[in-house]
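1. Kindly generate the corresponding structure for this input.
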Amino acid sequence: MGMEGDFLQLLKERGYRFGTAGTGGGGGGTGPSAEIACGTTILAMKYRNGVLVAGDRRATAGNTVMYDRTDKVLELDRHSVMAIAGVPATAYEMARILEHSFKYYRRTQLQELSFEGKLRAVSKLLKENVAAALAGTGAVAPIFAGYDIEQGTAKIFFYDILGAEFEGVEYAVSGSGSPTIRGILHYLNTWGAQPLSAQSEEEATTQALRLLTCAAEFDSATGGVNREANLYPVVKLITEAGVQTVPESRLKPLFDGKVARHV
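-> All right, here's what the predicted structure looks like:
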């Protein structure tokens with residue numbers, strides 16, 4: 001997913017200059033010529049039983065690696081997660097507000113907020129953050145994924161930094177490493193042995209590990225797997241039963257057997 005929509009391009013053509021402040025732990029360049037960017041790779045794709053959401057673990061500030069154990073796939077409630085790309089401070093605050101709002105609604109109304117209501121809540125927060133995003137201090141381009149109980153299906157949505165919402169029919173990507181894997185996902189879904197949505201849980205998890213390894217190969221702001229440190233991407237599965245985190249004990253044999261031997 002590109003980070004610049006038509007509105008941003010229009011601002012540039014009219015002479016608007018984005019802020020020179022650093023983009024914080026989310027990575028990206030700094031300085032007058034810096035583009036609004038986010039250093040990470042997050043992805044969501046449908047599989048046979050629901051939707052898989054995954055993200056690398058690296059947090060950067062410019063060219064400096066700040067942290068290698070960041071959790072960028074945040075559980076908001078039992079049936080929805082938000083994967084974050086952008087400035088961590090803003091993204092984590094948004095996730096906390098959303099988690100609290102969903103919980104408050106559930107406790108006061110004795111039912112879960114509708115999937116549409118959750119989408120509107122994410123969009124509203126992003127629109128309220130436009131000033132900080134354009135100033136270069138708070139750009140966030142998340143992926144929201146969840147299971148729509150009313151319709152009985154898993155869904156994926158991605159957003160630009162202005163709050164515009166788009167549905168990913170089969171998959172969605174965001175972050176600085178996303179251009180690399182977006183093409184791969186299109187290829188796999190179009191000409192692969194089977195559509196992404198037909199994959200088993202193990203096949204989808206293996207694909208996610210391979211895709212994030214590809215992103216780390218070509219994008220310095222995306223962290224790869226560190227087997228010595230037992231450090232693997234965060235992978236979550238969302239089905240009708242709820243959100244499930246894939247443990248490292250399952251990721252390790254998949255990576256060793258179906259990813260590392262090909263690298």
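2. tell me the contacts of the closest residue to Leu212 other than its chain neighbours?
-> Closest residue in space to Leu212, ignoring its immediate chain neighbours: Pro233 at 5.0 Å, by Cβ to Cβ, 6 or more residues apart in numbering. All C-beta spots, glycine's among them, are computed from the backbone N, C-alpha and C. When contacts are counted by Cβ atoms under 8 Å, 6 or more residues apart in numbering, Pro233 touches Ala54, Gly55, Asp56, Arg57, Ala208, Leu209, Leu212, Val225, Leu251.
3. Correct me if wrong: the fourth one contacts Thr222.
-> No. Contact between Arg57 and Thr222 fails when scored by Cβ atoms under 8 Å: they sit 9.3 Å apart.
4. between the two, which one's more packed in?
-> With other Cβ atoms under 10 Å as the criterion, Arg57 and Thr222 differ in neighbour count, and Thr222 comes out ahead with 29 against 21.
5. ok, back up a step: how near is the residue nearest to Leu212 to Ala139?
-> Separation of Pro233 from Ala139 (Cβ to Cβ, to the nearest Å): 22 Å.
6. Same question for Gly117.
-> Distance of Gly117 to Ala139, given as Cβ to Cβ: 25 Å.
7. where does this structure have its least confident helix or strand?
-> Sorting the helices and strands of the chain by mean pLDDT, DSSP states H and E puts helix 6-13 at the bottom, at a mean of 59.
8. Summarise which helices and strands the helix or strand just after that one is packed against.
-> Towards the C-terminus, the helix or strand next in line after helix 6-13, according to DSSP states H and E, is strand 42-47. The contact analysis (3 or more Cβ pairs under 8 Å, 6 or more residues apart in numbering; DSSP states H and E) places strand 42-47 against strand 50-55, strand 80-83, strand 143-148, strand 153-159, strand 171-174, helix 178-191, helix 201-218.
9. Tell me the strands beside strand 42-47, with direction?
-> strand 50-55 (antiparallel), strand 171-174 (antiparallel) (DSSP bridges).
10. and that strand with strand 153-159, angle?
-> Orientation of strand 42-47 against strand 153-159 (axes from the mean of the first three to the mean of the last three Cα atoms, to 10 degrees) gives an angle of 160 degrees.
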